[in-house]
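Asks: build me a model from this:
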Amino acid sequence: MPNLENLKKQAKRYVRWHREGRVTVCAILRASLPRFSSLADSEILTQPFRLAEAQNVVARHAGFSSWAALKEGSPKVDRPITYPSKPVLMNAEPCLFVTDLQRSLDFFTRKLGFKVNLTYGEPPFFGQVGRDAALLALRLVHQPVMMKSDEGDLLSASIWVTNAKQLFLEFQAAGVQFHQPLRNEPWHGAGQGGFIVADPDGNLLSFGGRTD
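Replies: Okay, here's the model as predicted:
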């Protein structure tokens, strides 16, 4: 049975992409919903698209006839699933190497507002944390995988947020130690900026977005 919480997030992600006008979602909807099958990207993005439809799309891709069937664990559909004519990259999930999994889980949940989606192993050696649409995998290792002494700004992940200033102030109130405070860099556009947080193992996480 697929992880229901992750599938709920995926459905919400499709709705958000459609609302934001991202053409990424158009091929998925064209292949999944008959009413979109003959429409151009621009036409799809002007049509209404609700969460219930997005949930059914996710359920079909998971092999179920509907979202209700997925939640009930009903048998999967026998007919093959229709996919877009070419592969569409859905999302990326950076993997951070950590030397103390529980310490890392505590850091991401108590300091950065993430939730633990899963842990695996006895004792656990792998975990996944998520906040909104951002997912990070955590893999336990027993020695450092990279010497960073000569390269002080090697990023492990970049995460975009609707308002970087709001998130910076939230982290600041939580007592997060910043590797780099909020500021505007040459590659940021007007009204945008970013900051960098180091996790307990020194993995650098960049957060960027609007600052106005």
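
Asks: torsion angles phi and psi at Arg139?
Replies: Taking degrees, to the nearest 10, you get phi -120, psi 120 for the backbone angles of Arg139.

Asks: wait, doesn't it sit right on Pro94?
Replies: No: at 10.7 Å, Arg139 does not count as touching Pro94 under the criterion of C-beta atoms under 8 Å. Any C-beta I mention is one placed from the backbone N, CA and C, and that applies to glycine too.

Asks: please, where are all the helices along the protein?
Replies: 4-20, 24-32, 41-46, 51-61, 67-72, 101-106, 164-173 (DSSP state H).

Asks: mean pLDDT for the ones you listed: which is lowest?
Replies: In terms of average pLDDT, helix 24-32 trails the rest of those, at a mean of 81.

Asks: Asn117 is in contact with Phe126, correct?
Replies: No: if you go by C-beta under 8 Å, Phe126 and Asn117 don't touch, sitting 11.2 Å apart.

Asks: for the chain, what's the longest strand?
Replies: Ranked by residue count, the top strand of the chain under DSSP state E comes out as strand 155-163.

Asks: got the contact list for that one?
Replies: 94, 96, 134, 136, 167, 196, 203-211 (C-beta atoms under 8 Å, 6 or more residues apart in numbering).

Asks: drop anything exposed from those residues.
Replies: 96, 134, 136, 167, 196, 203-211 (16 or more other C-beta atoms under 10 Å).

Asks: could I get these as CSV with distance to Ile28?
Replies: Putting these into CSV (distance: C-beta to C-beta, whole Å) gives the following:
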residue, distance to Ile28
Leu96, 28
Ala134, 20
Leu136, 24
Leu167, 28
Ile196, 33
Asn203, 31
Leu204, 32
Leu205, 28
Ser206, 28
Phe207, 27
Gly208, 26
Gly209, 25
Arg210, 27
Thr211, 32
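
Asks: of those residues, closest to Ala54?
Replies: Ala134 (18.5 Å; C-beta to C-beta).

Asks: which residue is the nearest non-sequential neighbour of the spatially most central residue of the chain?
Replies: Of all residues in the chain, the one closest to the mean position by C-alpha atoms, centre = their mean is Ala134, 2.8 Å from it. Using C-beta to C-beta, 6 or more residues apart in numbering and skipping the chain neighbours, the partner closest in space to Ala134 is Ile159 (5.1 Å).

Asks: for the closest residue to Gln143 other than its chain neighbours, list the residues it contacts.
Replies: Nearest residue to Gln143, sequence neighbours excluded (C-beta to C-beta, 6+ apart): Thr99, at 7.7 Å. Applying C-beta under 8 Å, 6+ apart to Thr99 gives the contacts 140-144, 201.

Asks: what about the residues you listed, which are in strands?
Replies: Leu140.

Asks: neighbours of Asn3, how many?
Replies: Neighbourhood size, Asn3 [other C-beta atoms under 10 Å]: 12.

Asks: that one and Val23: what is the separation?
Replies: 27 Å (C-beta to C-beta, to the nearest Å).

Asks: what of Asp100?
Replies: 42 Å.

Asks: now do Gly63
Replies: For Gly63, the distance to Val23 - C-beta to C-beta - is 26 Å.
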